[in-house]
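J.: Sharing a sequence plus its predicted fold:
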There are 2 protein chains.
Amino acid sequence: MSLDYLLADLQKRLSYQFKEKKLLTQALTHRSAQGAHNERLEFLGDSILGFVIAAKLYHLFPEANEGQMTRLRAKLVKEKSLAELANELQLGELLKLGSGELKSGGFRRASILSDAFEAILGAIYLDGGLASSEQVIHHLYHSRYQSLSLSMAEKDPKTRLQEWLQSRKKELPDYQVFKTDGQDHNKIYWVRCSLQQPESKDKQMTEANGSSRRKAEQSAAKKMLEILGV
Amino acid sequence: MSLDYLLADLQKRLSYQFKEKKLLTQALTHRSAQGAHNERLEFLGDSILGFVIAAKLYHLFPEANEGQMTRLRAKLVKEKSLAELANELQLGELLKLGSGELKSGGFRRASILSDAFEAILGAIYLDGGLASSEQVIHHLYHSRYQSLSLSMAEKDPKTRLQEWLQSRKKELPDYQVFKTDGQDHNKIYWVRCSLQQPESKDKQMTEANGSSRRKAEQSAAKKMLEILGV
């Protein structure tokens, strides 16, 4: 398939037609490649996305407080979510990468994909104004908006555990990795969460595993919250 | 002076007339006070400001890279800068605060002032659309844009020193507070920056002071960069 055909197809998926095709090409060019690259467009797109999603959440959740909106937005614009959107748009096959990045599979890397996604939003803004980038964002996020709920804006278990303990003036939990399984790219982390019991040497403990230290800690904190009946 | 008069005056300074005065009142209401407060508006205003300043910098500095634009924006939207803008607008006298915040001088606190400033931008967006908030932001930042230069986007001395040392695979600097002068609210910090010399026990050292530990460290790092001829 020709590049022109692929770019036309991408614009259909975006439901946006570029007047200046050069901008789209630049948005797809990683700084490792020759020519005008997408870093400045990414800076622009990142700020557009932050604003457009903030305004949307403000209207979608009239009862949400600032913290809840901040957490919902973080879910929608985190690197992993943007890389998913980039994959839905099949950006990977259209990225222009330097030879080093090409060999190491840069077209699959979440950071490169999410940067290109933001750069496309920046390019649409320059090409068609804010209204166009708003339309594209709402189009791409349509199903994600529908599955959002305020309960997703809850704080994560580690934060909740910490705040619960602090409000009771208790000591903070200790997290320790006590085991790892598997190979480098497929590691499982085992974490123990322990709480010092006041006026005794006993400890309350929970254990959990996960594909990252962070995930394992969150699971262990969640179990601890259950034990404590929070 | 009546409140109505003061609010009319504020709108002149903003060069924006609210259609819905309620929104302006809400933007000036801290969460410690009774009634609809400004936290949600602040969330909105923060994202608007981030986007409007990003787009402005993109056009003002066509040669700037992403890192430089990020640092310039950080200068323009940091709490201290927003509190300055809030003071130029004389927001302090118009803030609605709960009695606790009132007594402790909350109307002078940078965080409360900068939050109210952002909330006003959010309120203008809801009242008059993005174009209105853009106009107000550009009006208020006019002289600040003019005094911006790419040289202000340089990394701070500590970061530059660290990166210079890392690129030469040298040990990182050590910063120590070795003296403090003055009383609690007027302290001067004295900091020593030292570099281990490879293959000797000598150390290169610089000393500097500042009104915070951070400032003193930055000055000491700056002196070290001068010694090293960076």
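T.: Sure, I can see it. Numbering: from 1, shown residues only, chains lettered A, B, ... in the order given.
J.: and A:Leu195, that's in a helix?
T.: No: counting by DSSP: H, G, I helix; E, B strand; the rest coil, A:Leu195 is not found in a helix; it is strand.
J.: Can you tell me which residue is spatially central in chain A?
T.: Note on chain A: the residue nearest the mean C-alpha position is A:Lys78, at 2.0 Å, using C-alpha atoms, centre = their mean.
J.: Give me the pLDDT value at it.
T.: We have a pLDDT of 96 for A:Lys78.
J.: Just say helix, strand or coil for A:Glu207.
T.: The local conformation at A:Glu207, judged by three-state DSSP, is strand.
J.: Name all residues that make contact with it.
T.: Applying C-beta atoms under 8 Å, 6 or more residues apart in numbering or on different chains, we find A:Glu207 in contact with A:Phe178, A:Trp190, A:Val191, A:Arg192, A:Cys193, A:Ala220, A:Lys223. Every residue, glycine included, has its C-beta placed from N, CA and C.
J.: What's the separation between it and chain B?
T.: To chain B, A:Glu207 is 36 Å away according to C-beta to the nearest C-beta, to the nearest Å.
J.: Excluding covalently adjacent residues, which one is nearest to A:Tyr175?
T.: Nearest-residue entry for A:Tyr175: A:Glu217, 4.9 Å, with adjacent residues in sequence omitted and distances by C-beta to C-beta, 6 or more residues apart in numbering or on different chains.
J.: Then that neighbour would be within a helix, right?
T.: Yes: when three-state DSSP is applied, A:Glu217 is found to be in a helix.
J.: backbone phi and psi for A:Asn38, please?
T.: The phi and psi values for A:Asn38, taken as degrees, to the nearest 10, are phi -100, psi 10.
J.: roughly how far apart are it and A:Ala123?
T.: A:Asn38 sits 8 Å away from A:Ala123, going by C-beta to C-beta, to the nearest Å.
J.: what sits in contact with each of these two?
T.: With C-beta under 8 Å, 6+ apart, A:Asn38 and A:Ala123 have common neighbours A:Gln26, A:Ala27.
J.: if we can go back for a sec, right, and the residue nearest to A:Tyr175 touches A:Lys158 too?
T.: Yes: in this structure A:Glu217 lies within contact range of A:Lys158 using C-beta atoms under 8 Å: 6.0 Å.
J.: what residues does chain A put near chain B?
T.: In this structure, chain A approaches chain B at residues A:39-40, A:42-44, A:46-48, A:50-51, A:53-55, A:58, A:64-66, A:69-70, A:125, A:130, judged by C-beta under 8 Å from any C-beta of the partner chain.
J.: before we move on, the earlier item: when A:Glu217 and A:Lys158 are compared, which one has more neighbours?
T.: Using other C-beta atoms under 10 Å in any protein chain shown as the criterion, A:Glu217 and A:Lys158 rank with A:Glu217 on top: 24 against 20.
J.: Now do the contacts for the more buried one.
T.: A:Glu217 makes contact with A:Lys158, A:Tyr175, A:Val191, A:Cys193, A:Ala208, A:Gly210, according to C-beta under 8 Å, 6+ apart.
J.: now A:Lys19: how far from chain B?
T.: Taking C-beta to the nearest C-beta, one finds A:Lys19 at 18 Å from chain B.
J.: On the three-state scheme, that residue is what?
T.: When classified by three-state DSSP, A:Lys19 comes out as coil.
J.: dump the residue contacts of the closest residue to it other than its chain neighbours.
T.: In space, and not counting its chain neighbours, A:Lys19 is closest to A:Asp127: 5.6 Å by C-beta to C-beta, 6+ apart. Going by C-beta under 8 Å, 6+ apart, A:Asp127 touches A:Phe18, A:Lys19, A:Glu20, A:Leu23, A:Leu24.
J.: Of those, select the buried ones using a ChimeraX command.
T.: Buried residues among those (16 or more other C-beta atoms under 10 Å in any protein chain shown), as a ChimeraX selection:
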select /A:18,23,24
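J.: Identify, from the contacts of A:Asp127, the entry nearest to chain B.
T.: The nearest member of the contacts of A:Asp127 to chain B, counting by C-beta to the nearest C-beta, is A:Leu23 at 12.7 Å.
J.: Got the confidence number for that closest one?
T.: pLDDT for A:Leu23: 98.
J.: thought A:Leu165 was touching A:Asp174?
T.: No: using C-beta under 8 Å, A:Leu165 is not in contact with A:Asp174, being 11.4 Å away.
J.: what's the neighbour count on the residue lying closest to A:Leu130 once chain neighbours are set aside?
T.: The spatially closest residue to A:Leu130, leaving aside those adjacent along the chain, is B:Leu130, at 6.5 Å (C-beta to C-beta, 6+ apart). For B:Leu130, the neighbour count with other C-beta under 10 Å is 17.
J.: which stretch of helix or strand covers B:Leu130?
T.: Taking DSSP states H and E as the definition, one finds B:Leu130 inside helix B:110-146.
J.: Between helix A:110-146 and that helix, find me the angle.
T.: Taking axes from the mean of the first three to the mean of the last three C-alpha atoms, to 10 degrees, one finds helix B:110-146 and helix A:110-146 inclined to each other by 120 degrees.
J.: quick one: buried residues of helix B:110-146?
T.: If you call a residue buried by 16+ other C-beta under 10 Å, then helix B:110-146 has these buried ones: B:110, B:112-128, B:130, B:132-137, B:140-141.
J.: hang on, A:Ile227 packs against A:Thr206?
T.: Yes: with contacts counted by C-beta under 8 Å, A:Ile227 reaches A:Thr206, the gap being 6.5 Å.
J.: More neighbours: which of these two?
T.: It is A:Thr206, of A:Ile227 and A:Thr206, that has more neighbours when counted by other C-beta under 10 Å, with 20 against 12.
J.: Quick check: beta-bridge partners of the more buried one?
T.: Beta-bridge pairing for A:Thr206 (DSSP bridges): A:Cys193.
J.: All set, thanks.
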